[in-house]
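> attaching a predicted model along with its sequence, questions to come.
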Amino acid sequence: MATYRTGSGDGGTSRTATTPERSGPLTTSPRRGYRMSTIDKAPDGDAVRRGDAAAECARLQHATAAETPQAASRCDARSPESVRAGAVGLVVARDPETLASDTFFPGFIAGCERVLAAHGMGLILHVASSEEAERTAYEHLAAGRADGVILLDVRVGDPRFALMAELALPAVVLSARAPGLEETSGLPTIYSDDSPAVEELVELFAEAGHTRIAHVSGPPRFLHARVRGAAFSAAMRARGLDDSFVVEGDFTAESGRDATAQLLDLPHPPTGILYANDLMAIAGLSLALSYGIRVPQELSLTGYDDNVLSAHLSPGLTTVATADRQRGELALRTLLSVIARERPENDLAGHTTVVVRGSVAPPPQP
């Protein structure tokens, strides 16, 4: 049973219910006289959190798709005299189940929360299941519910950059590469460089003696999936190896299992598989064991994101730690600078590090 907090704009009230009910707008400002210690579900599907990031993902595991109402009014400009909302927004265009199981999000949100708590602010989370719902969520935030937003999961030709200018909504981009000229419409960008880590993983396979190495990628609409895929292909070609063993996944365990099955059912299957995230790698490890394939004696595996479970597998999964909390802190501090009408520069978020464990070994001899 969950508690849903609603308000009419002049003070919040609480009720206990098993399902959310429609009501008035959610009051998020700390000036309204209450502080949320966990996660509150808004009538329109928002999640406002001021507590532990893990609680957010736990709630998302049990969330159901909620219809996002149309914003009452369109915000065409944000005047400096407007009352601050005391909150920032995060819109994630993924299935709630995928979001709940992804290691990156709870760590990233925890990093954001550390900075927000110091400023007495909150975080509004929308989970959007369609492009229309995503746009509506941003319009809703721009209509006075948030002072700014962080844009995650950058897509190729991402329409959100122009939308932020249209809505006059302060924003910061989190990307997997340094933005090219005008690529993000001038929005400040916190970026990582995923390519060296992927190249290092390919090198681990190659130095162990693998020549048939496969890649289970993420959806190519996401920029970070393309960057990792391109790095894999370049590293393979640089060593004169075949880079055609590529199967597209969607970052879920199910897709990791299905992609691994496709690869292992080939007449000459790969002896090493590089996955675009740990969740798919863990599912692939489980499938290989069910086939009677020993890891790493007969099949070597690597992941990405350093899932909390990866160190506790047998063998431990070689992967890439992405410093998600530090990225959350850096992104939030940068966004606060933008909200304050400063002009922060693009910033490289470091700490992307290969973590070597026991899942890579020499391939079996013919």
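That came in fine, so what should we check first?

> can you give me the buried ones in stretch 110-129?
By neighbour count on 16 or more other C-beta atoms under 10 Å, the buried set for stretch 110-129 is 110-113, 115-116, 121-129. Glycine gets a C-beta too; all of them are placed from N, C-alpha and C.

> and D347, what does it touch?
Residues near D347 by C-beta atoms under 8 Å, 6 or more residues apart in numbering: 188-191, 330, 334.

> distance between the ends of stretch 254-272?
One end of stretch 254-272 to the other measures 19 Å (C-alpha to C-alpha, to the nearest Å).

> now stretch 349-363
OK, stretch 349-363 end separation, C-alpha to C-alpha: 35 Å.

> that older thread, so which of the contacts of D347 are in helices?
If you go by DSSP state H, the contacts of D347 have 330, 334 in helices.

> confidence-wise, which of the contacts of D347 comes last?
Ranked by pLDDT, those bottom out at Y191 (89).

> nearest spatial neighbour of that residue, chain-adjacent residues omitted?
The shortest distance from Y191 to any non-neighbouring residue, by C-beta to C-beta, 6 or more residues apart in numbering, is to S175 (4.4 Å).

> which helix or which strand is home to L123?
Per DSSP states H and E: L123 is located in strand 122-127.

> then E166?
helix 160-167.

> state the mean pLDDT of that helix.
Regarding helix 160-167, the rounded mean pLDDT is 94.

> quick one, helices of the stretch 101-250 of the chain?
104-118, 131-140, 160-167, 195-208, 223-238 (DSSP state H, counting those that start in this stretch).

> quick check: mean pLDDT of the last one?
The predicted model gives helix 223-238 an average pLDDT of 95.

> cool, stretch 287-298 as well?
Computed over stretch 287-298, the average pLDDT equals 97.

> what's in contact with that stretch?
So stretch 287-298 is contacted by 257, 260-261, 264, 271, 285, 299, 301, 315, 358-361, 363-364 (C-beta under 8 Å, 6+ apart).

> which among the residues you listed count as buried?
257, 260, 264, 271, 285, 299, 301, 315, 359-361, 363.

> which of these fall in strands?
Secondary structure from DSSP state E places L301 of the buried ones among the contacts of stretch 287-298 in strands.

> could I get the buried ones among the contacts of stretch 287-298 as CSV with distance to H215?
Output for those, formatted as CSV (distance: C-beta to C-beta, whole Å):
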residue, distance to H215
R257, 16
T260, 12
L264, 14
T271, 13
L285, 16
L299, 14
L301, 12
P315, 20
S359, 15
V360, 15
A361, 19
P363, 16
